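Asker: Build me a model:
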Amino acid sequence: MESRSNRHLSGGNRYGGRPRQPKEDKIEMIFGLRPIIEAMLAGKVLEKIFLQKGARNANIDELTDLAKKADVPVATVPVEKLNNLTRKNHQGAVAFISAITYYPLEEIVTSLFEKGKNPLLLILDRITDVRNFGSIARNAECLGVDAIVIPSRGGAQVNADAIKTSAGALHLVPVCREPNLKQTLDYLRDSGIQLVACTEKTEEHLTNTTVDMVGPTAIIMGSEEDGISPEYLKRADARLRIPLVGQIGSLNVSVATGIILYEAMSQRLRENGYANLNRFEPL
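Answerer: From the prediction side, this is the model:
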């Protein structure tokens, strides 16, 4: 299996190359232990693997070892779950080939700095609803995000619904799947990228003067249920809340993401001499 550090940036993203053609909505399934193992050895990128709970043999051990090295999420489930996924002889294992290419974050950050750009990254902590994830990706592409960072486990599966909701954005914005978000956040801070948490757990309101997001910035968005994890929140250099005047106390996470990304884009456009953001008229 090709290691993350050896993958090269390619495809229709902000780093050049031929644009990737949108794939069909159908996500390819593999079933059977040896077929899944052979697919991984051949370099196929898997979205997720489901293994039958309680099953143990040499093939399962080999598969789980390959999955760990490739940061592929593995879920142990009852046999009924596998039977619902396919009626064929799955041998206790079903996997889905990823519909997108995952990129190594370190290469993206290095490439952006080498080109003299200020990275704008979006980090998603346990966004589990696939339509929310797709909408967020669409916002990210429209508002200048250089890469989306998601955890290997605990996030939404990049499936047909996510791709459709993103309106193709998941084929345009690089997505980085990271096994340890704590280490990822530490790496970004050490690289000179400020971490901005969008959270209700602060009194600091989002305005165009609160936090300067013109420089290298990574915006953290939390889960639909309980927001940003405390261990990630304490690593943030700034915490911002979106001011609300209605009776409902919170926004949908995809809407909140669009608002804070628009503020970041606005700051960057003004810094580059654009007065009218609707028509991009220079000062």
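
Asker: Excluding covalently adjacent residues, which one is nearest to E271?
Answerer: Nearest residue to E271, sequence neighbours excluded (CB to CB, 6 or more residues apart in numbering): V214, at 4.6 Å. C-beta: built from backbone N, CA, C; applies to glycine.

Asker: I'd say the one you found and P119 touch.
Answerer: No. Counting by CB atoms under 8 Å, P119 is not a contact partner of V214; they are 11.6 Å apart.

Asker: Only alpha carbons, please: show the lengthiest helix in the chain as PDB.
Answerer: Secondary structure of the chain per DSSP state H: the longest helix is helix 253-271. Output in PDB follows, covering the C-alpha atoms of helix 253-271 (Å, rounded to 0.1, in the frame of the first residue of the first chain):
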ATOM      1  CA  VAL A 253     -22.800  23.700  11.400                       C
ATOM      2  CA  SER A 254     -22.600  24.100   7.600                       C
ATOM      3  CA  VAL A 255     -24.300  27.600   7.900                       C
ATOM      4  CA  ALA A 256     -21.900  28.600  10.700                       C
ATOM      5  CA  THR A 257     -18.900  27.400   8.600                       C
ATOM      6  CA  GLY A 258     -20.100  29.500   5.700                       C
ATOM      7  CA  ILE A 259     -20.300  32.600   7.900                       C
ATOM      8  CA  ILE A 260     -16.800  32.400   9.400                       C
ATOM      9  CA  LEU A 261     -15.200  31.400   6.100                       C
ATOM     10  CA  TYR A 262     -16.900  34.400   4.500                       C
ATOM     11  CA  GLU A 263     -15.300  36.700   7.100                       C
ATOM     12  CA  ALA A 264     -11.900  35.100   6.400                       C
ATOM     13  CA  MET A 265     -12.300  35.600   2.700                       C
ATOM     14  CA  SER A 266     -13.500  39.200   3.200                       C
ATOM     15  CA  GLN A 267     -10.500  40.100   5.200                       C
ATOM     16  CA  ARG A 268      -8.200  38.500   2.600                       C
ATOM     17  CA  LEU A 269      -9.800  40.300  -0.300                       C
ATOM     18  CA  ARG A 270      -9.600  43.700   1.500                       C
ATOM     19  CA  GLU A 271      -6.000  43.000   2.300                       C
END
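
Asker: From the chain's centroid, how far away is it?
Answerer: Centroid separation for helix 253-271 versus its chain: 18 Å, with CA atoms, centre = their mean, to the nearest Å.
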